[in-house]
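A.B. asks: A predicted structure for the sequence below; I have some questions about it.
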Amino acid sequence: MHLPESCLHILLKRFNNIWTTANIPHLGGRCPWFQFQNLGRILLILPTIGLLRSRAACVRLSSGCSKLEEKVAAAAYFPERPDCSKATRLRDGTCVFSAELEGIALWVTEIKNLTKYHTNFVIYSDILSALQAIQSKNFKVKDIRRLFSLIRKFPPYIHISFVWIPAHVGIQGNENVDKLAKAALNKASYSGKLICWSDLKPKVKAYIHTVYQTIWDTEGANKLHEVLPDLGEDLHKRGEGAGRKRETVICRLRMDRTWLTQSYLLKNKEQPFRYACDSLYTVRYILIECPDFQDTSRKYFTVTELYRLFQEVSPSRIFGYLKELCVHRNI
């Protein structure tokens, strides 16, 4: 759902600048964020008391959230009137991003009761991703659409600024809002807000991974299971940066699909067998099991499991071992 362009123009006028408060050396004095239309420059300001003094005429509000295992809570704190502060427990499994947006929404909802006496408001938040989502007008996020619909109802003279406070930098309001959110974790009742589908996505992925992992664990006789017992691991990254040729060789060794061990299939012959060791001629045999190669392998690695070999030993050492055996060209 997208709002008409005329509505966006009106909504953007409701927002003041997003002020960022941080000392980020690698950004210098230039902020890379995209600037709002019809708004002033987006400033990058050092975390000093000067910022608070410059916004002394504004009503300063703090939003925050807290998460303990699966419990999540959001809070909104008003330093001048603590009785107006709010805290609510969200449904278990809600992500920090959604919880922070809920804390901001609590204040935006409460601001309508304060517009009789004030026109400028500053909301402090320590979740940068939430402020960036507001700034980028990411209307795919339901909480962002809800936030903009609330602000649209304000009179044109109402101005709201968002200030990013990393690690709170000692601001009392943000310290208190954290305490308020932590206390709300023990509430027995939840807010009426349903959990967003994007917050459930990681849990669904984890459940699917568990199901497939259980099936994969029953394939103990599969030689690929020994190389990749955990489906969540990416073994391909172990060969990255080693060059195209070496990446290909490492991949073939993991899969046990090498010319040295599988060429008998193309030649229509029986699988090679070492009668001296009473063992089939496989990648595991060449890299780990063969007693004739033990002295050579100790120069490069000491692992005794094929899985640990590709996890812990660098590709260059495996290549050095294959070169010394003069088999690296037959992989």
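C.D. replies: Ah, there it is. Numbering: from 1, shown residues only.
A.B. asks: buried stuff in the longest strand belonging to the chain?
C.D. replies: Longest strand of the chain, by residue count under DSSP state E: strand 59-68. For strand 59-68, burial by neighbour count (16 or more other C-beta atoms under 10 Å) applies to V59, R60, L61, S62, S63, G64, C65, S66, K67. For glycine as for every other residue, the C-beta is placed from the backbone atoms N, C-alpha and C.
A.B. asks: quick one: contacts for the third one?
C.D. replies: In this case it means L61. A76, Y77, F78, W107, I111, F121, V122, I123, Y124, G173 (C-beta atoms under 8 Å, 6 or more residues apart in numbering).
A.B. asks: identify, from these, the entry nearest to P291.
C.D. replies: Top of the list for closeness to P291, among the contacts of L61 and by C-beta to C-beta, is Y124 at 68.1 Å.
A.B. asks: neighbours around that closest one, how many?
C.D. replies: Residues lying near Y124 (other C-beta atoms under 10 Å) number 27.
A.B. asks: surely it and N174 touch.
C.D. replies: Yes - using C-beta atoms under 8 Å, Y124 is in contact with N174, at 5.5 Å.
A.B. asks: can you list residues touching both of those two?
C.D. replies: Residues touching both Y124 and N174 (C-beta under 8 Å, 6+ apart): S62, I165.
A.B. asks: against T218, how distant is the closest residue in space to H209 that isn't next to it in sequence?
C.D. replies: In space, H209 comes closest to G232 once its chain neighbours are excluded; the distance is 6.0 Å by C-beta to C-beta, 6 or more residues apart in numbering. Shown here: G232 relative to T218, a distance of 17 Å by C-beta to C-beta, to the nearest Å.
A.B. asks: also N176?
C.D. replies: With distances taken as C-beta to C-beta, N176 is found 53 Å from T218.
A.B. asks: between these two, tell me which one has more neighbours.
C.D. replies: Relative neighbour count places N176 above the other of N176 and T218, with 18 against 9, counting by other C-beta under 10 Å.
A.B. asks: that one reaches S62, doesn't it?
C.D. replies: Yes - at 7.1 Å, N176 and S62 qualify as touching, with contact defined as C-beta under 8 Å.
A.B. asks: what touches both of the two?
C.D. replies: Counting by C-beta under 8 Å, 6+ apart, the contacts common to N176 and S62 are Y77, P79.
A.B. asks: and the strands in the chain?
C.D. replies: Along the chain, counting by DSSP E, strands occupy 15-21, 44-45, 59-68, 71-77, 86-90, 120-125, 159-164, 273-274, 279-280.
A.B. asks: give me whichever of the ones you listed is most buried.
C.D. replies: Burial of the strands of the chain is given as mean neighbour count (mean count of other C-beta atoms under 10 Å); strand 71-77 ranks first at a mean of 26.
A.B. asks: could you tell me how many residues sit around I318?
C.D. replies: Counted with other C-beta under 10 Å, I318 comes out at 24.
A.B. asks: residue contacts, it?
C.D. replies: I250, L253, L287, Y300, F301, L309.
A.B. asks: any regions of the stretch 151-300 of the chain where pLDDT drops low?
C.D. replies: Across the stretch 151-300 of the chain, the ranges flagged by pLDDT under 70 are 167-173, 192, 220-221, 233-242.
A.B. asks: show me the protein divided up by domain.
C.D. replies: The chain breaks down by automatic domain parsing into domains covering 5-201, 223-330.
A.B. asks: pick the most deeply packed of the ones you listed.
C.D. replies: Comparing the domains of the chain by mean neighbour count (mean count of other C-beta under 10 Å), domain 5-201 ranks first with a mean of 17.
A.B. asks: need the contact partners of stretch 201-216.
C.D. replies: Residues outside stretch 201-216 that contact it (C-beta under 8 Å, 6+ apart) are G93, H225, P229, D230, L231, G232.
A.B. asks: apply 6 Å and report the result again.
C.D. replies: Around stretch 201-216, the neighbours that count as contacts under C-beta atoms under 6 Å, 6 or more residues apart in numbering are L231, G232.
A.B. asks: give the buried residues for that stretch.
C.D. replies: W216.
A.B. asks: CA atoms only: put it into PDB for me.
C.D. replies: The C-alpha trace of stretch 201-216 is given here as PDB (Å, rounded to 0.1, in the frame of the first residue of the first chain):
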ATOM      1  CA  LYS A 201      10.100 -15.400   9.700                       C
ATOM      2  CA  PRO A 202      13.300 -16.300  11.600                       C
ATOM      3  CA  LYS A 203      11.400 -18.700  13.800                       C
ATOM      4  CA  VAL A 204       9.800 -20.400  10.800                       C
ATOM      5  CA  LYS A 205      13.300 -20.700   9.100                       C
ATOM      6  CA  ALA A 206      14.700 -22.200  12.300                       C
ATOM      7  CA  TYR A 207      11.900 -24.700  12.500                       C
ATOM      8  CA  ILE A 208      12.300 -25.700   8.900                       C
ATOM      9  CA  HIS A 209      16.100 -26.100   9.500                       C
ATOM     10  CA  THR A 210      15.400 -28.300  12.500                       C
ATOM     11  CA  VAL A 211      13.000 -30.600  10.400                       C
ATOM     12  CA  TYR A 212      15.500 -31.000   7.600                       C
ATOM     13  CA  GLN A 213      18.400 -31.400  10.000                       C
ATOM     14  CA  THR A 214      16.600 -34.300  11.700                       C
ATOM     15  CA  ILE A 215      16.100 -36.000   8.300                       C
ATOM     16  CA  TRP A 216      19.700 -35.400   7.400                       C
END
